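Colleague: mind folding the following:
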Amino acid sequence: MATHKNLEDPLAGHPRYKKIRNLNKGSYGFVQLAYDKSTGHEVAIKFLQRGERLASVYVEREIINHSSLLHPHIVQFKEAFLTPEYLAIAMEFVDGGDMFQYVKAKRGLQEVEARWFFQQVMIALDYLHRVGVVSRDIKLENTLLDGNRRPLVKICDFGYSKHTEKDSVPKSRVGTPGYTAPEIVTNRRNYDGKMVDVWSAGVMLYVMLFCTYPFERPEDERETPTKKYQTVLQRVIRGDYVFPRNIPISDDCKDLLSKILVVDPEKRLTVQQVQQHPWYLKDLPSGLSQFNDNCLAKQREMPELAQNVEEVRKIVHDAMVLPSNSAFANGNALIDSYNEEPEDGMEEDGSLEFSPSY
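Modeller: Numbering: from 1, shown residues only. I've put the predicted structure just below:
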């Protein structure tokens, strides 16, 4: 294993950023909290090990799609840059944790609070789809919360995203099984990524309310992981879910969920239809129906991005080559497995460890 000092602190000597602490790590790389000397703000920086493993188009697409977004409910992209060992992606730091941990700690949310979060998620999705980006990985773990008493939602992680005009039509099996739409599970070619995002948002709402996944059952825990995985996917294909008896929700909420978790994407509600549903409209803050119109108008008036598409592509291309001063230059590796996202890019669900009564 490499022991170069830059592996401990890849920002050592960097003119703009200074490491504060480690945040998290995974098969993709790791994330550190850093201080931006130029602005005085804290940022989160994701580090991906340089080398040929970065040849995946997903890395380039993630950065390009993310860099084009500017919205209060989406984690803001700052810049991409290189260190001798890593491709680094600097982003807005959101200090309230993710929604998965929030929901798990509360063992589910009251309907009023779940609606508040769901309204924000749908506003973010409406914006994404209007600028031509589909996430394909909407889930609690990819939804961060700020530190306010009434937290604001910020969508993050665009590793599976596609642009509806610049990229090919979505066809890969990517996402997380518990959130994945039936058309992905059945390997339907050329599916509509927007409708996949709506399905996943519906799963998010269900989990917020019941603190369990709609297509899992308590008895699944007696199965092997492989058998459980297959059982869950079969329920997804059939749209086989129920509402737990011991956690009452309103009829309007049940109606909305039943119109989102529809197996046929052509019969599923669109984002715009969800935003017209009575349950969604209840307690909707004044002005939110025009919120994205204002955001898009402001974005059109803003100066060009600090890094354009060509610059991002060059950075990613250069990241595929290890410089001679890299700690990895002699074949050492800090990260044993980097997910280059093959055709089947399924991830694992987080464990909620809570079983309502069915």
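
Colleague: going forward, measure contacts and count neighbours with C-alpha atoms only.
Modeller: Fine.

Colleague: tally of neighbours for residue 11?
Modeller: When neighbours are counted by other C-alpha atoms under 10 Å, residue 11 registers 19.

Colleague: begin at 2, not 1, for the rest of this chat.
Modeller: Will do, 2 is the new start, and the previous item becomes residue 12.

Colleague: flag the shaky bits of this structure, pLDDT-wise.
Modeller: Low-confidence segments of the chain (pLDDT under 70): 2-7, 28, 56-58, 161-177, 305-307, 330-359.

Colleague: my read: residue 317 touches residue 61, true?
Modeller: Yes. Using C-alpha atoms under 8 Å, residue 317 is in contact with residue 61, at 6.2 Å.

Colleague: so for these two, which sits in the more crowded spot?
Modeller: Under the neighbour definition other C-alpha under 10 Å, residue 317 and residue 61 were set side by side, and residue 317 has more, 24 against 20.

Colleague: phi and psi next, for that one.
Modeller: Phi and psi for residue 317, reported as degrees, to the nearest 10, are phi -70, psi -40.

Colleague: who touches it in this structure?
Modeller: 55, 60-61, 88 (C-alpha atoms under 8 Å, 6 or more residues apart in numbering).

Colleague: would you map the helices across the protein?
Modeller: Assigned by DSSP state H, the chain shows helices spanning 6-9, 58-68, 100-107, 112-131, 183-186, 194-211, 226-239, 252-261, 272-275, 279-282, 292-302, 310-320.

Colleague: contacting residues around the longest one?
Modeller: So that's helix 112-131. 70, 72, 74-75, 135-136, 153-154, 156, 195, 198, 202, 206, 209-210, 250, 272-273, 276, 281, 285, 293.

Colleague: quick one, which of these are buried?
Modeller: 70, 72, 74-75, 135-136, 153-154, 156, 195, 198, 202, 206, 209-210, 272, 276, 281, 293 (16 or more other C-alpha atoms under 10 Å).

Colleague: so what's the residue count around residue 107?
Modeller: 11.

Colleague: with residue 286 instead?
Modeller: There are 10 residues near residue 286, going by other C-alpha under 10 Å.

Colleague: how close does it get to residue 146?
Modeller: Plainly put, residue 286 is 18 Å away from residue 146 if you go by C-alpha to C-alpha, to the nearest Å.

Colleague: please apply the same query to residue 235.
Modeller: In terms of C-alpha to C-alpha, residue 235 sits 32 Å off from residue 146.

Colleague: higher neighbour count, these two?
Modeller: A side-by-side neighbour count of residue 235 and residue 146, using other C-alpha under 10 Å, places residue 146 first with 20 against 16.

Colleague: that one reaches residue 95, doesn't it?
Modeller: Yes. Contact between residue 146 and residue 95 holds when scored by C-alpha under 8 Å: they sit 6.6 Å apart.

Colleague: got any residues that touch both of these two?
Modeller: residue 155.

Colleague: for residue 247, grab phi and psi.
Modeller: Dihedral angles for residue 247 - degrees, to the nearest 10 - are phi -90, psi 0.

Colleague: oh, that last question was meant for residue 137, not what I typed.
Modeller: According to degrees, to the nearest 10, residue 137 has phi 70, psi 10.

Colleague: so how far is residue 152 from it?
Modeller: 24 Å.

Colleague: neighbour count winner among these two?
Modeller: The neighbour comparison of residue 137 against residue 152 (other C-alpha under 10 Å) goes to residue 137, with 30 against 14.

Colleague: got the CA positions of stretch 100-117 in PDB?
Modeller: What follows is stretch 100-117 as a C-alpha-only set of coordinates in PDB (Å, rounded to 0.1, in the frame of the first residue of the first chain):
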ATOM      1  CA  MET A 100     -32.200  12.000   5.000                       C
ATOM      2  CA  PHE A 101     -31.600   8.300   5.500                       C
ATOM      3  CA  GLN A 102     -30.000   8.900   8.900                       C
ATOM      4  CA  TYR A 103     -32.700  11.500   9.700                       C
ATOM      5  CA  VAL A 104     -35.600   9.200   8.900                       C
ATOM      6  CA  LYS A 105     -34.000   6.300  10.600                       C
ATOM      7  CA  ALA A 106     -33.300   8.300  13.800                       C
ATOM      8  CA  LYS A 107     -36.900   9.400  13.900                       C
ATOM      9  CA  ARG A 108     -38.200   5.900  13.000                       C
ATOM     10  CA  GLY A 109     -40.300   7.500  10.300                       C
ATOM     11  CA  LEU A 110     -41.800  11.000   9.900                       C
ATOM     12  CA  GLN A 111     -45.100  12.500  10.500                       C
ATOM     13  CA  GLU A 112     -47.100  13.100   7.300                       C
ATOM     14  CA  VAL A 113     -46.800  16.900   7.600                       C
ATOM     15  CA  GLU A 114     -43.000  16.700   7.800                       C
ATOM     16  CA  ALA A 115     -42.700  14.100   5.100                       C
ATOM     17  CA  ARG A 116     -44.800  16.400   2.800                       C
ATOM     18  CA  TRP A 117     -42.400  19.300   3.500                       C
END
